[in-house]
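Asks: Pasted the sequence and its predicted model underneath.
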Amino acid sequence: MTQQDPARLLDGVRFAFGTLTVLPVRVERWDRAAARVGMLCAPLAGLVVGLFSAALGGLLLLLGAGALLAAVATTAVPALLTRALHLDGLADTADGLGSGKPADEALTIMKRSDIGPFGVVTLLFALLAQVAALFQLYEEGGWAHGAVAAAVAHVSGRTALTLASRPAVPAARPEGLGAAVAGTVPTRSAALVAVLVICLAGGAGYGTAGVPHGVLAVVGALLVGELLLRRCVRRFGGITGDVFGAVAETAVTAALVAFTLG
């Protein structure tokens with residue numbers, strides 16, 4: 001390890017937390033080297049978000065609140081910690097995909113500040129699915145089951161972003177977050193991160209949801225995120241910051257739903 005390696009790692013961690021959360025982290029380097037390490041560290045940012053959300057849900061349960069309120073709180077915390085940017089990206093991407101317009105016009109629609117009907121409906125069902133899944137997990141398995149699911153889901157969502165940053169995925173625009181991170185993460189490194197997350201999720205599920213549930217939740221989340229990613233690349237010509245948000249939020253939802261199955 002060279003003397004520059006710890007500095008590069010720190011710059012990457014700052015990039016990950018500075019771009020994927022609203023935590024008070026100053027991004028000192030905005031270049032492709034920092035983006036590469038940052039996207040490799042994206043699951044770590046997801047873990048912090050997931051733990052904060054699980055902590056509030058657990059606190060409410062401890063204070064006597066019902067499982068439904070705990071589920072709503074657990075869903076609300078990630079929105080606050082990301083300034084709802086991932087949810088906004090999901091809505092904008094849904095509007096772009098549903099517009100039926102050519103790629104350049106669809107990208108223009110996605111940049112608008114308003115949300116269209118496709119975006120509203122997609123947000124509604126995504127949040128309802130997350131709340132319903134967490135409610136079932138808290139109700140049937142207690143706080144530990146819901147907490148593990150929340151943490152694994154948000155790690156899975158950010159792991160999907162690591163995979164979305166591989167060289168095979170181009171940027172749709174020459175500017176923005178998509179352009180900053182597109183193609184920065186080597187395919188082998190992205191795959192290693194995904195395998196590590198799958199193994200850790202299996203370990204996290206041990207004693208609560210079960211090892212198979214943890215593994216299948218991550219695998220399912222990454223597959224669903226990949227399907228959406230490929231659809232967006234075909235439709236828009238590449239990724240944008242909105243697409244990143246949509247991929248993360250979709251993967252999170254898929255992981256939570258997977259934990260309720262079986």
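Replies: Okay, I see it. Numbers count the residues shown, from 1 in each chain.

Asks: Select the longest helix from the protein.
Replies: The longest helix of the chain (DSSP state H) is helix 117-164.

Asks: Would you indicate which residues of stretch 169-182 are buried?
Replies: 169, 171-173, 176-182 (16 or more other C-beta atoms under 10 Å). Yep, even glycine has a C-beta here, placed from its N, CA and C like the rest.

Asks: which helices and strands sit right next to the longest helix of the chain?
Replies: When contacts are defined as 3 or more C-beta pairs under 8 Å, 6 or more residues apart in numbering; DSSP states H and E, helix 117-164 sits against helix 32-40, helix 42-62, helix 67-81, helix 85-98, helix 187-205, helix 211-236, helix 241-260.

Asks: and stretch 61-73, which residues are buried?
Replies: Neighbour counts over stretch 61-73 (16+ other C-beta under 10 Å) mark 61, 67, 69-73 as buried.

Asks: now stretch 8-16
Replies: Buried-residue list, stretch 8-16, by 16+ other C-beta under 10 Å: 11-16.

Asks: just stretch 253-262 next, same as before
Replies: In stretch 253-262, counting by 16+ other C-beta under 10 Å, buried: 253-260.

Asks: what does that stretch contact?
Replies: Outside stretch 253-262, the residues that touch it by C-beta atoms under 8 Å, 6 or more residues apart in numbering are 126, 129-130, 133-134, 136-137, 145, 149-150, 152-153, 156-157, 209, 212-213, 216-218, 220-221, 223-225.

Asks: Tabulate the buried residues of stretch 61-73 in TSV, adding columns for distance to R83 and pLDDT.
Replies: Output for the buried residues of stretch 61-73, formatted as TSV (distance: C-beta to C-beta, whole Å; pLDDT from 0 to 100):
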residue	distance to R83	pLDDT
L61	26	95
A67	27	96
L69	23	97
A70	23	97
A71	21	97
V72	19	97
A73	17	97
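
Asks: Cool, thanks, talk later.
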